[in-house]
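Student: I would like the atomic coordinates for the input below:
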Amino acid sequence: MFKSRGVGTAFLPSVFGTGGRPEGRPYIGSHFTPSEPEPTQSIDLDLFQRYTQICLDKWTNLMPISPKYHALYTQLRRDITDGKLPPHKQLPTEEWLCRSHHVSRGTVRKALDILAAEGVIRREQGRGVFVNPPPLTLLPFTLTDPAPTLEIRTLRADIMPANADLSARLDIPLNTPVIVVAQARVQDGVRVMYEGRALPQSLAPDLIHDDFTVQPIHWLLTHKYKLPLVRATYTVEARPLNLEESERLSVENGTPAFTLDRVTYTAAGGTGTRPAVWYQALCRMDYLPFKTEFQGII
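Tutor: The predicted model follows:
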């Protein structure tokens with residue numbers, strides 16, 4: 001791993017709860033029925049059905065009702081997503097939305113406020129409300145491989161206590177056990193790429209014993225260890241290598257290269273996303289050209 005430049009509810013009543021009902025009385029809805037009849041007694045089915053319906057009606061009244069502004073927001077959001085309201089299209093006036101949806105002006109404004117906060121629409125003083133174009137999306141980029149295969153050599157695979165850099169980038173306490181793996185990709189005897197990965201050992205305790213030349217580390221994490229990797233942040237630079245970086249690629253100091261810095265996040269544990277893997281790479285420009293594509297309205 002080479003040195004980084006920085007660190008950079010409410011609950012509904014339980015249908016099956018006892019709720020303080022007298023012992024031995026059957027529970028129906030939010031009310032209890034008379035004690036179970038003796039075998040010689042008869043039951044008025046019509047009365048029983050009407051009573052049950054009353055219980056169901058009261059239960060239904062407890063269910064939450066979506067506010068009007070949310071229904072309007074959902075409809076407008078769907079119209080924008082489906083292209084009925086394309087980018088830069090002016091939305092109907094507040095008066096028109098009030099009449100067509102039978103809601104108050106306050107309801108309309110609240111729905112528009114949510115859309116504006118999400119960046120879906122914009123308000124222009126004196127002109128009206130317009131649909132924003134979707135943001136540019138960076139599609140997965142590739143480092144073009146001119147050779148059929150690149151040999152992968154594992155240079156380091158061990159466990160170390162987290163230092164300050166690892167603690168900051170992986171959001172873990174100092175001295176937490178971290179798996180560190182360093183690999184080189186070699187073409188015709190030339191080291192064209194150097195990669196370093198670090199992840200808390202608790203996410204994949206036995207990863208250190210796997211053969212990374214048989215299955216890539218990402219595949220092992222997502223398939224063997226079932227680690228849900230949900231998003232990643234990238235920093236890509238094209239710059240001359242410093243002395244330490246040059247030695248890792250076995251090139252002269254100052255050789256131009258791509259540097260990649262990526263933090264991948266996981267949803268494991270059900271407590272939101274948190275950093276899972278810190279990845280860094282050095283790539284020789286003359287062997288691995290950089291290619292990417294943006295999707296969106298320019």
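Student: quick one: the strands in the stretch 101-250 of the chain?
Tutor: Taking DSSP state E, counting those that start in this stretch, the strands of the stretch 101-250 of the chain run over residues 121-124, 128-131, 137-138, 142-143, 151-161, 177-187, 190-200, 229-240.
Student: deepest of those strands, which one?
Tutor: When you average the neighbours per residue for each of these (mean count of other CB atoms under 10 Å), strand 190-200 leads with a mean of 21. The way it works is simple: take the backbone N, C-alpha and C, and place the C-beta from them, glycine included.
Student: each with direction, which strands does that one pair with?
Tutor: Note on strand 190-200: by DSSP bridges, its sheet partners are strand 177-187 (antiparallel), strand 274-284 (antiparallel).
Student: could those strands go into JSON lines alongside distance to E195 and mean pLDDT?
Tutor: JSON lines is the format used below for these (distance: least, CB to CB, whole Å; pLDDT from 0 to 100):
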{"stretch": "strand 177-187", "distance to E195": "5", "mean pLDDT": "94"}
{"stretch": "strand 274-284", "distance to E195": "5", "mean pLDDT": "93"}
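Student: with distance to P216 added, can I get those in a markdown table?
Tutor: Below are the strands paired with strand 190-200 laid out as a markdown table (distance: least, CB to CB, whole Å):
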| stretch | distance to P216 |
| --- | --- |
| strand 177-187 | 10 |
| strand 274-284 | 12 |
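Student: M193: which of these is closest?
Tutor: strand 177-187 (3.9 Å; CB to CB).
Student: neighbouring contacts of that closest one?
Tutor: 1, 147, 150-162, 166, 170, 172, 191-202, 204, 207-208, 212, 217, 287 (CB atoms under 8 Å, 6 or more residues apart in numbering).
Student: got the CA coordinates for that strand in CSV?
Tutor: Extracted in CSV, the C-alpha atoms of strand 177-187 (Å, rounded to 0.1, in the frame of the first residue of the first chain):
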residue,chain,number,x,y,z
PRO,A,177,-6.6,-5.6,12.5
VAL,A,178,-6.5,-4.8,8.7
ILE,A,179,-5.8,-7.1,5.8
VAL,A,180,-3.3,-5.5,3.4
VAL,A,181,-2.7,-6.9,0.0
ALA,A,182,-0.2,-5.6,-2.6
GLN,A,183,-0.1,-6.9,-6.2
ALA,A,184,1.6,-6.2,-9.5
ARG,A,185,0.3,-6.8,-13.0
VAL,A,186,3.1,-7.8,-15.3
GLN,A,187,3.2,-7.9,-19.1
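Student: mind listing the helices for the stretch 51-200 of the chain?
Tutor: Under the criterion DSSP state H, counting those that start in this stretch, the stretch 51-200 of the chain contains helices at 68-81, 94-101, 105-117, 164-170.
Student: what's the closest of those to P133?
Tutor: P133 sits nearest to helix 68-81 of all the helices of the stretch 51-200 of the chain, at 10.6 Å, using CB to CB.
Student: what helices or strands is the closest one leaning on?
Tutor: helix 94-101, helix 105-117 (3 or more CB pairs under 8 Å, 6 or more residues apart in numbering; DSSP states H and E).
Student: out of those, deepest packed?
Tutor: The highest mean neighbour count among these, using mean count of other CB under 10 Å, belongs to helix 105-117: a mean of 17.
Student: can you put the strands of the stretch 101-250 of the chain in a markdown table and add distance to S250?
Tutor: As requested, the strands of the stretch 101-250 of the chain are exported to a markdown table (distance: least, CB to CB, whole Å):
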| stretch | distance to S250 |
| --- | --- |
| strand 121-124 | 52 |
| strand 128-131 | 53 |
| strand 137-138 | 31 |
| strand 142-143 | 18 |
| strand 151-161 | 12 |
| strand 177-187 | 9 |
| strand 190-200 | 5 |
| strand 229-240 | 16 |
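Student: out of the ones you listed, the one nearest T107 is which?
Tutor: Ranking the strands of the stretch 101-250 of the chain by distance to T107, with CB to CB as the measure, places strand 128-131 first at 15.1 Å.
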